[in-house]
Structure formats: C-alpha cells, structure tokens
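Colleague: Take this sequence and fold it.
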Amino acid sequence: MEELIRTNDLVLISFVESMLKAEGIVVAVLDGHTSAVDGSLGLLPRRIMVDVDDKDRARWLLAQAGVGHELRP
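Modeller: This next block holds a predicted model:
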C-alpha cells in the first residue's frame, strides 16, 4: 500500500475515499481508530492508502479534482 494523503480533515477523507472508490480504486483509511482513542481531538492524522498499482492513477485523479496540493511527496 502507498500513502497518498495524511490529514485530520474528515471532509477531505470522505471526498477522496468516495471519489477513488467510484473509480474502482480500493482505498484504506488507516489510523481512524487510533484517532478516536485520542478523544477525537484530531491530534493524530489519518492516512489514505491505495495499492501501489493504483498509486499513479489515484494521484492523477486527485490532482484533476483539485486536491493535488494535499498529496504526500
């Protein structure tokens, strides 16, 4: 799995997850439970992950959707 985005923004996470799933890309959001354990204070960011084979396509789709600035290097 390859990390695309690391964020505390739940709206961004939902948007990215929905968009990539609609394009047939399997998405995993990691650290959601850990973030909830910290009292939902938003101290621990969640990571959006995709399969390595889907990474380039997912990055392109996200850039086209206007959230390319959120992508990890």
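Colleague: Pull out the buried residues from the longest helix along the chain.
Modeller: For the chain, the helix reaching the highest residue count under DSSP state H is reported as helix 10-22. Neighbour counts over helix 10-22 (16 or more other C-beta atoms under 10 Å) mark 13, 16, 19, 20 as buried. Where you see a C-beta, it was placed from the backbone N, CA and C, and this is true even at glycine.
Colleague: Now do that helix: which elements does it pack against?
Modeller: Packed against helix 10-22, as judged by 3 or more C-beta pairs under 8 Å, 6 or more residues apart in numbering; DSSP states H and E, are the following elements: strand 2-7, strand 27-30, strand 46-50, helix 55-64.
Colleague: Nearest to residue 72 among these would be which one?
Modeller: strand 2-7 (5.4 Å; C-beta to C-beta).
Colleague: in its sheet, what does that closest one sit against?
Modeller: Strand pairing for strand 2-7, determined by DSSP bridges: strand 46-50 (antiparallel).
Colleague: Now render the helices and strands packed on helix 10-22 as a markdown table, adding mean pLDDT and distance to residue 72.
Modeller: Converted to a markdown table, the helices and strands packed on helix 10-22 look like this (pLDDT from 0 to 100; distance: least, C-beta to C-beta, whole Å):
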| stretch | mean pLDDT | distance to residue 72 |
| --- | --- | --- |
| strand 2-7 | 96 | 5 |
| strand 27-30 | 96 | 13 |
| strand 46-50 | 96 | 9 |
| helix 55-64 | 98 | 9 |
